[in-house]
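# just need the structure, nothing else, for what follows:
(chains A and B)
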Number of protein chains: 2
Amino acid sequence: MAKIVDMEVLDIRFPTSRELDGSDAMNPDPDYSAAYVVLHADSGPDGYGLAFTIGRGNDVQAAAIRALAPHVVGREVPADAAALGELSRRLIGDSQFRWLGPEKGVAHMAIGAIVNAAWDLAARRADLPVWEFAARMTPEELVSLVDFRYLSDALTEQEALDILRAAEPGRAERAARVRAEGYRAYSTSPGWLGYSDAKLVRLAGQAVADGFDMIKLKVGGSVEDDVRRMKLARETVGPDVRIAVDANQRWDVAAAIGWMTALAPYDPYWIEEPTSPDDVLGHAAIAKALAPIRVATGEHVQNRVVFKQLLQAGAISVLQLDAARVGGLNENLAILLLAAKFGVPVCPHAGGVGLCELVRHLSLFDYVAVSGSDTDRSIEWVDHLHEHFTDPAVVRDGRYLAPTKPGFSARMHDATLRRFRFPDGPEWTENEQ
Amino acid sequence: MAKIVDMEVLDIRFPTSRELDGSDAMNPDPDYSAAYVVLHADSGPDGYGLAFTIGRGNDVQAAAIRALAPHVVGREVPADAAALGELSRRLIGDSQFRWLGPEKGVAHMAIGAIVNAAWDLAARRADLPVWEFAARMTPEELVSLVDFRYLSDALTEQEALDILRAAEPGRAERAARVRAEGYRAYSTSPGWLGYSDAKLVRLAGQAVADGFDMIKLKVGGSVEDDVRRMKLARETVGPDVRIAVDANQRWDVAAAIGWMTALAPYDPYWIEEPTSPDDVLGHAAIAKALAPIRVATGEHVQNRVVFKQLLQAGAISVLQLDAARVGGLNENLAILLLAAKFGVPVCPHAGGVGLCELVRHLSLFDYVAVSGSDTDRSIEWVDHLHEHFTDPAVVRDGRYLAPTKPGFSARMHDATLRRFRFPDGPEWTENEQ
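Alright, predicted model coming up:
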């Protein structure tokens, strides 16, 4: 039996704020960062995972991951659903550590990074990409991965099993299809708030030329600017390309409704993060007032309990799970099952660093083994920082290609780890201001 | 102008798990701990604050506080509402750090510890206990402390001002009354889940003899045990003493309703934390099913946005704010204003280490300057670890005495800091297992 003999955690930061890439109304100057985890095994491949942050505090995130090392180091390398379920339960079940959340924020993202690294490790040993590794598990195995605590008023274990069994017959056919055709992407690259109008128009046109049928703009700085930018974007892409907008939590309920009413003439497809990610009732009020404009959220939704309520309250019609915000693949499976139960499409949050790499596995797995559908579903795409990964996300003609290499694709190149390590990597020591 | 020249952060842990003090259904073996902050000034008194945790992860909490030092060190010592509002906004407004929450968990508790230490510092310089220092501010000053973002659908700035102005005329009279009579307490000491029936009966009887008119029992381990313990407690205290029960988040919605129905014949006053603190809709369903048994929660409620929803949904009829979970006194003022707006009594969570010391200031301030009422309000009391504080909480005849020393009462004795510092204090090095 192979063992995990060490857990290495690195603070890796990219100076993205220098170019205003990633700028939005709430996050004017992010330095995309990863608290990067390596599970070292005594034989065979290692496992890689990460928590995504946007700069300051990435050291705190790294400390939280390190604090969980005693639950991992010295244990057997997980190989199957039973071991991966046990690991997740052990991490979430640490009653002292749980006080720091519970199941939210830094402490929960730490659990997610480790759980995802363990999936990477298990899938590498099985010589499969994670989406295929998970999609080969039986419905019973998949259900055993899920923590149903706090979910039973919306989704029982039996209902989850029924959903997974209903998807079982078509698995092989859908897997073949995504291997051949990939999975729809949408592009956020044109719409960062720090970009000029000319850059917005150029990149929006480029996105359509590149095969995307949906783009996304950041909004929430000033309503006049947003109306002008939305109008320019609509004129550029024409009536048939979807334009989603993203307020990154800038508004209160009434402001969200007023602002979006001003943008409505330009046919926004969804409004993303109109207000606090914690505000289930606020999202529900906004959704009711703005229909048929869809309300979307998820990248900051802390756990399955909040997603459950967003679905119960009819507050969202697009669910944007994030690969690295919640407790790893296990909890994202719970969230996929909830979405399937409520019939709400999942369009994952991506971008940042490593999120495109990770989350495509979840959408492919969802399509093959959970919801069985790709209708109105797409994965966010930002063409940025992929060169740092050994198995980078690739989008062609507006579609993510299905990853074929073993694992969860979070591994970065050694040269990247050396260069961008904070604060002592040359990228930081050579550019001090 | 005095300056803050250093921020010291200590990892202080008490080995409470050795005696099963503090044991409940979710937290079987807590080691009550504090990530302890000292704001060192270049002249005059220093400021003291803490984040409370229950052991493992207290180092992560300390790291999160340290990460915020650049926002504090080198700045002027805050002296008034303007400075305390500015500090809170600066800490919450760090857009990179915000990603770690937003406004929840480790990152938010770190902000709370610093904000509360700043209040301690300001009140010491004003030579007043914090409750009096805050209760002397004008309604306009108090409103300037509050972050109304995400609140305006439930509480506007004008409504907050109206609440505070309505309480203004009676301030002096109520302040005199609490100085003379203190503030009602209830006792949790009898009810820890690890205690024997005999100890439960003895401590419940003792609580009544000591003047308490309400006690609290932990529940959620086994329904048979809980029915037996509740029956014993009711027989011991008689029909007129309130018995609250606390499930510490053990149940799903249906389980909470079923379990409490079994305890209903013994007249539980409230059920506390029946399910996930994130589950607004779950609490609302439980409240509806169990009325007239009250539903209470708050010690793990992450911020004002979740409290807002609990009130909007009619999910709680007792609000249990915690002095050290949210973003400090500023956010707790927002929460007190929300409770006042909805007419829900605040009965703060306390216990742990330092929470009784801190939170009494909030209840006294609420009574004097916000809600103006003490009806159905009381502060939790656990007679434990107070000897470590220089201005310990004191309860006589079932009532908290009003603190009279300057500050927020979080300061620990130097000998305590030396002895209980983790992992190198003698309490830990001399008792290794």
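# C-alpha from now on. contacts and neighbour counts both.
Will do.
# and the residue in the stretch 201-350 of chain A that chain B sits nearest to, what are its phi and psi?
Across the stretch 201-350 of chain A, no residue is closer to chain B than residue A:252, which sits at 4.9 Å (Cα to the nearest Cα). Main-chain torsions, residue A:252, degrees, to the nearest 10: phi -80, psi 180.
# Provide a list of residues in contact with it.
Listed by Cα atoms under 8 Å, 6 or more residues apart in numbering or on different chains, the contact set of residue A:252 reads A:274-276, B:149-153.
# what residues does the stretch 51-200 of chain A put near chain B?
Contacts of the stretch 51-200 of chain A with chain B, taken as Cα under 8 Å from any Cα of the partner chain, map to A:53-57, A:60-61, A:63-64, A:67, A:95-97, A:99-102, A:104-107, A:149-153.
# out of the residues you listed, name the ones that lie in helices.
A:60-61, A:63-64, A:67, A:95-97, A:105-107 (DSSP state H).
# okay if I get these as a markdown table plus pLDDT and neighbour count?
Below are those laid out as a markdown table (pLDDT from 0 to 100; neighbours: other Cα atoms under 10 Å in any protein chain shown):
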| residue | pLDDT | neighbour count |
| --- | --- | --- |
| A:60 | 98 | 27 |
| A:61 | 98 | 32 |
| A:63 | 98 | 24 |
| A:64 | 98 | 29 |
| A:67 | 97 | 17 |
| A:95 | 94 | 19 |
| A:96 | 96 | 21 |
| A:97 | 97 | 25 |
| A:105 | 98 | 27 |
| A:106 | 98 | 36 |
| A:107 | 98 | 33 |
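# closest to residue A:3 out of those residues?
Residue A:3 lies nearest to residue A:67 out of these, by Cα to Cα, at 19.1 Å.
# looks like the closest one contacts residue B:61 (just checking).
No: using Cα atoms under 8 Å, residue A:67 and residue B:61 do not qualify as a contacting pair, with a distance of 10.8 Å.
# lowest-confidence helix or strand of chain A?
strand A:183-191 (a mean of 92; mean pLDDT, DSSP states H and E).
# given it, what are its sheet partners and their directions?
Strand A:183-191 pairs in its sheet with strand A:214-218 (parallel), strand A:379-381 (parallel), strand A:399-400 (antiparallel), by DSSP bridges.
# mind putting those strands in JSON lines, mean pLDDT included?
Formatted as JSON lines, those follow (pLDDT from 0 to 100):
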{"stretch": "strand A:214-218", "mean pLDDT": "96"}
{"stretch": "strand A:379-381", "mean pLDDT": "98"}
{"stretch": "strand A:399-400", "mean pLDDT": "98"}
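# just send the ones you listed back as JSON lines, with mean neighbour count and distance to residue B:118 too.
What follows is the strands paired with strand A:183-191, written out as JSON lines (neighbours: other Cα atoms under 10 Å in any protein chain shown; distance: least, Cα to Cα, whole Å):
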{"stretch": "strand A:214-218", "mean neighbour count": "25", "distance to residue B:118": "36"}
{"stretch": "strand A:379-381", "mean neighbour count": "26", "distance to residue B:118": "42"}
{"stretch": "strand A:399-400", "mean neighbour count": "24", "distance to residue B:118": "50"}
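# among these, which comes closest to residue B:5?
strand A:214-218 (39.9 Å).
# now what about that closest one, what contacts it?
A:24-25, A:185-193, A:204, A:207, A:230, A:241-248.
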